[in-house]
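Novice: I'll drop the sequence and a predicted model, then ask my questions.
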Amino acid sequence: MNRSSSLEMCCALDTSHVVGIAADHGGHELKEYLVKMLREAGAEVIDFGNRQLAPDDDYPDFVVPLARAVVAGQVKRGIAICGSGVGACIAANKIPGVRACLIHDPFSAHQGVEDDDLNLICLGGLVVGHALAWELVKRFLVSQFSGKERHRRRLEKVTYLENHPFTNAVISPEKAGAPDEAASLSLYLIRHGETDWSISGQYTGRTDLPLTAQGEAAARKVGERLKNVSFAHVLMSPLQRARQICALAALKPVPEIEPNLAEWDNGDYEGRTPAEIRKAQPEWNISREGAPNGETPAQISGRVDRLIARLRTLDGNVALFSHGHLCRVLAARWIGLSVEHAERLLLNTASISILSYAHDCPDEPAIALWNAGEMKAAGFQSNSTGRTPDIMKKLIVFDLDGTLAESKSPLDAEMATLLAGLLAIMKVSIISGGNWPQFEKQILSHLPQDKHLKNLSLLPTCGTKFYEYKGNWEQLYSENFTAQEKEKIIRSLENVSESSGFKAAKVWGEVIEDRGSQVTFSALGQQAPIAEKKKWDADFAKRKTMKASLDKLIPEFSVRLGGTTSIDVTKPGIDKAYGIRKLRDTLGIAIDEMMFVGDALFPGGNDYPAKEAGALSIQVRDPNETKRVIEAIIACRGGEEEHG
């Protein structure tokens, strides 16, 4: 595949826009490389110089004309390069209307555009290599500004500062000279106590229910647990159950009503249970869809964002008495996640959670404590980083293909960075139907080779093999088929492929792979393009038909659907539940202390057995959604030190 087609397929570069580029002597070599790559990709490029290597040239002479061209619309986006990228960034940002930033990582390259409408990327020609620079430029150019209200609001404030350079448009007069005060803010989220509907599992939005006797008792205990915390403000939802727990906790100062702390309006689904709703709508999820005649996810997100804007003007410890869904949305939005991710933040009645800042930095919102039940009050000081052992799992287990990476593809740079960050703070395991060489190619070659690999356990072929890192990767065990068993399985797969009529006319690589303890059928071959794989059996109908035939031919073996075109055959009971139990036995971690993340958690999917085994399971659609899950987990750890 040539570079042009690769870029169009993988990065969707809009070549109708003109790209401007400029560099001094420190960035000249990188500029020439990027100009070549962009033009090969079909982009129109305007080179603002310097077009020759001149050791005594000055970056403003080239960067400023580029910056002015960006503002004037002569070019859609700009790329400015000097030795470190710093000087180019400083010069570009002197031009009103330019939003330039020095970028060194792929996440910032697209996030800067999506959230901050970045229109000029700055690179260090002596800092980043050619391959990374090209990756950064591609992500920068294909990304679009989200246009979300909160991002527009922030940019309006920046624009005001740009147009009124001698006034302070953001910091109020009483805060002037104390920009770090916001870092002292800690938000104590307190969910109301038990109600009749929280017991029955009915959605309770605007129905004004009182606490049960048990709920009242728990409310008093909340007050006991927080008696040593000094609060600057106490805010409560206008609904009765929140006002009750606030009154019984008896915190000072005098509480005030905050309307935006009211629970999510459930509309027509008020009083119904999730099970009742899903009988008619099996795929329904309130965090994705809201409820008819209730608040949409966009509306609750907007309301919570307005609440956060108010809370950020406060200082000290702030107690917030509210509700389950509202608190979960508030936590998700606090750390920059969408409402959809709020469902993963489980929250019990009469629990206490703390939102604050990592490293006392207002630019790093974090979850310092989550869903804490009864604990000694000393654990709830404003600088608390304590954890409740029954809330944070000890082991996060991931599927590989479709979850951490696209099928048979390596981790991308962002995923590798996130996974490395997770390994630095806790134990992680990866279970896949793939064999060891696949793990080496897709995972290990893209992770830092450092001490944190000791926190990683790898289970190829659904746990029939187990690898641990002890300075080098060591195989603890391997449980393989006999030669006769393999022969029967392979013959059955070949027969069903022919008789089903689903045998592909064109394949890429090996179709039936012997993985020792697992035999895998890949309809289009092991090396098939991802786009072709996704088209072949998008609704699983072909493989379900084949599975039904295989179940009759080889009933003594387990047959499961895997990946996008695969069927995995193992010994009975060899599935991801087997892998989960192997992790329990080998690492000594109880299954209820594990969390499993996978893309095939539906009945019949090859991740479903992990859920059946009892591990808390999170369904994701693709690796991008997994990234958001990992970000949430890291945020919930609140900047914890390395896992022991």
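Specialist: In hand now; what should we look at?
Novice: how does the protein divide into domains?
Specialist: 3-161, 182-380, 395-479+576-637, 483-570 (automatic domain parsing).
Novice: would you check that E364 makes contact with S356?
Specialist: No - between E364 and S356 there is no contact under Cβ atoms under 8 Å: 9.5 Å. Heads up, the C-betas are built off the backbone N, CA and C, glycines and all.
Novice: which one of those two is surrounded by more residues?
Specialist: With neighbours defined as other Cβ atoms under 10 Å, E364 and S356 compare such that S356 has more, 25 against 14.
Novice: am I right that the more buried one is in a helix?
Specialist: No - with DSSP: H, G, I helix; E, B strand; the rest coil as the criterion, S356 is strand rather than part of a helix.
Novice: tell me how far P362 lies from A350.
Specialist: Distance, P362 to A350, using Cβ to Cβ, to the nearest Å: 30 Å.
Novice: nope, S432 is what I meant
Specialist: According to Cβ to Cβ, S432 and A350 sit 40 Å apart.
Novice: neighbour count winner among those two?
Specialist: When S432 and A350 are compared for neighbours, S432 comes out ahead with 28 against 25, by other Cβ under 10 Å.
Novice: can you tell me how far the residue nearest to the more buried one when sequence neighbours are not counted is from A217?
Specialist: Among residues not flanking S432 along the chain, L400 sits closest, at 3.7 Å (Cβ to Cβ, 6 or more residues apart in numbering). With distances taken as Cβ to Cβ, L400 is found 47 Å from A217.
Novice: neighbour count winner among the two?
Specialist: Just comparing L400 and A217: by other Cβ under 10 Å the higher neighbour count belongs to L400, 27 against 14.
Novice: which secondary structure elements does the longest strand seen in the chain sit against?
Specialist: Scanning the chain for the strand with the most residues, using DSSP state E, yields strand 365-372. Secondary-structure packing of strand 365-372 (3 or more Cβ pairs under 8 Å, 6 or more residues apart in numbering; DSSP states H and E): helix 324-334, strand 352-357, helix 623-637.
Novice: could you list the buried residues of the next helix or strand after that strand?
Specialist: Beyond strand 365-372 on the C-terminal side, the first helix or strand identified by DSSP states H and E is strand 395-398. Within strand 395-398, the residues that count as buried by 16 or more other Cβ atoms under 10 Å are L395, I396, V397, F398.
Novice: the third one contacts A610, correct?
Specialist: Yes - using Cβ under 8 Å as the test, V397 is close enough to A610 to be in contact (7.0 Å).
Novice: could you look up the SS state of I79?
Specialist: Classified using three-state DSSP, I79 is strand.
Novice: tell me the SS of the nearest residue to it once chain neighbours are set aside?
Specialist: In this structure, I79 finds its nearest non-sequential neighbour in I21, 4.4 Å apart by Cβ to Cβ, 6+ apart. For I21, the secondary structure call by three-state DSSP comes out as strand.
Novice: show me the contacts for I21.
Specialist: By Cβ atoms under 8 Å, 6 or more residues apart in numbering, the contact list for I21 reads 31, 34-35, 38, 45-48, 66, 78-81.
Novice: poorly predicted segments of the stretch 1-150 of the chain, please.
Specialist: Within the stretch 1-150 of the chain, the segments meeting pLDDT under 70 span 1-16.
Novice: show me where it has strands.
Specialist: 18-23, 44-47, 77-82, 100-102, 120-124 (DSSP state E, counting those that start in this stretch).
Novice: now find how far off-centre the shortest one is within its chain.
Specialist: The one in question is strand 100-102. Taking the mean of its C-alpha atoms, strand 100-102 sits 24 Å from the chain's own mean (Cα atoms, centre = their mean, to the nearest Å).
Novice: for the second one, same thing?
Specialist: Its chain's average C-alpha position is 35 Å from that of strand 44-47, according to Cα atoms, centre = their mean.
Novice: same check on the last one?
Specialist: Relative to the mean C-alpha coordinate of its chain, strand 120-124 is positioned 26 Å out (Cα atoms, centre = their mean).
Novice: between strand 18-23 and it, find me the angle.
Specialist: On the basis of axes from the mean of the first three to the mean of the last three Cα atoms, to 10 degrees, strand 120-124 is oriented at 30 degrees to strand 18-23.
Novice: L459 versus the closest residue to T273 other than its chain neighbours, what's the distance?
Specialist: Using Cβ to Cβ, 6+ apart and skipping the chain neighbours, the partner closest in space to T273 is G201 (4.9 Å). Distance, G201 to L459, by Cβ to Cβ: 35 Å.
Novice: over to S558?
Specialist: In terms of Cβ to Cβ, S558 sits 16 Å off from L459.
Novice: who's more crowded, those two?
Specialist: Applying other Cβ under 10 Å to S558 and L459 shows that L459 carries more neighbours, namely 25 against 19.
Novice: so that one makes contact with N435?
Specialist: No - using Cβ under 8 Å, L459 and N435 do not qualify as a contacting pair, with a distance of 11.3 Å.
Novice: where do the contact lists of those two overlap?
Specialist: Counting by Cβ under 8 Å, 6+ apart, the contacts common to L459 and N435 are K465.
Novice: surely Q475 is in a helix?
Specialist: No - Q475: not assigned to a helix; according to three-state DSSP it is strand.
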